[in-house]
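[1] 3D, please:
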Amino acid sequence: MDIVEYNTSAQRAASGAGRYQHMSPILRTVFALVLFLLSVNVASAIDCDDPNLIYLDRVICAKHSIRTIKMRLELFKLDNIRYPTEKEGLHILVRGNPIPKPKYYHEDGYLQDFPIDPWGHPYIYRLNERPEVFSTGADGQIGGDGENKDIYADI
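    The predicted structure is shown next:
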């Protein structure tokens, strides 16, 4: 007679096995993608152009926009093997801008309009090793506390 052993959730936790370790890599990828799309849907459900947004809604919109800008910067880099210079700034991503284009610039640009944060200020672009994009918050000044705090987001 064969003895079948079952791992209880307590035994799995004690062994260090992760919560989703039993899932195949493809299923974990699909699961992560679904979670990502749900988070994008939450941010997209807010009308970022509404002047009556409360502070937290504006932060959500700003972070969503920053992630979008950063993804567009990555597309620019894939096409041109570099990020825009600080002099080119985010303007070079905008379709129809007058800045001289690199050789492999996408014909439709990377953004339809120049990105403005929910408080009406332009996003700040800096280039170190990796591009940095952030919102200056309600006061439009770098630095600050509370509602004037700068807003960053990772991809």
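
[2] how much space between residue 83 and residue 72?
    11 Å (Cβ to Cβ, to the nearest Å). Bear in mind the C-beta positions are built from the backbone N, C-alpha and C, glycine included.

[3] ok, now residue 95?
    11 Å.

[4] what's the overlap in contacts for these two?
    Common neighbours of residue 95 and residue 72, counting by Cβ atoms under 8 Å, 6 or more residues apart in numbering, are 110, 111.

[5] so which of those two has more stuff around it?
    residue 72 (19 against 12; other Cβ atoms under 10 Å).

[6] the more buried one and residue 113 touch, don't they?
    No. Using Cβ atoms under 8 Å, residue 72 makes no contact with residue 113, being 11.9 Å away.

[7] quick check: which ranges of the chain have low pLDDT?
    1-24, 27-29, 31-47, 49, 51-52 (pLDDT under 70).

[8] and stretch 98-113, what's buried?
    105, 106, 109, 110, 111 (16 or more other Cβ atoms under 10 Å).

[9] of all the residues you listed, which comes closest to residue 62?
    Of all these, residue 111 has the smallest distance to residue 62: 15.4 Å, by Cβ to Cβ.

[10] partners of that closest one in the sheet?
    Beta-bridge partners recorded for residue 111 (DSSP bridges): residue 94.

[11] how close does it get to residue 133?
    Distance from residue 111 to residue 133, by Cβ to Cβ: 12 Å.

[12] ditto for residue 123
    5 Å.

[13] hey, what's in contact with both of those two?
    Contacts common to residue 123 and residue 133, judged by Cβ under 8 Å, 6+ apart, are 66, 69, 90.

[14] could you measure from the closest residue to residue 90 other than its chain neighbours over to residue 148?
    In space, residue 90 comes closest to residue 125 once its chain neighbours are excluded; the distance is 4.9 Å by Cβ to Cβ, 6 or more residues apart in numbering. Separation of residue 125 from residue 148 (Cβ to Cβ) stands at 20 Å.
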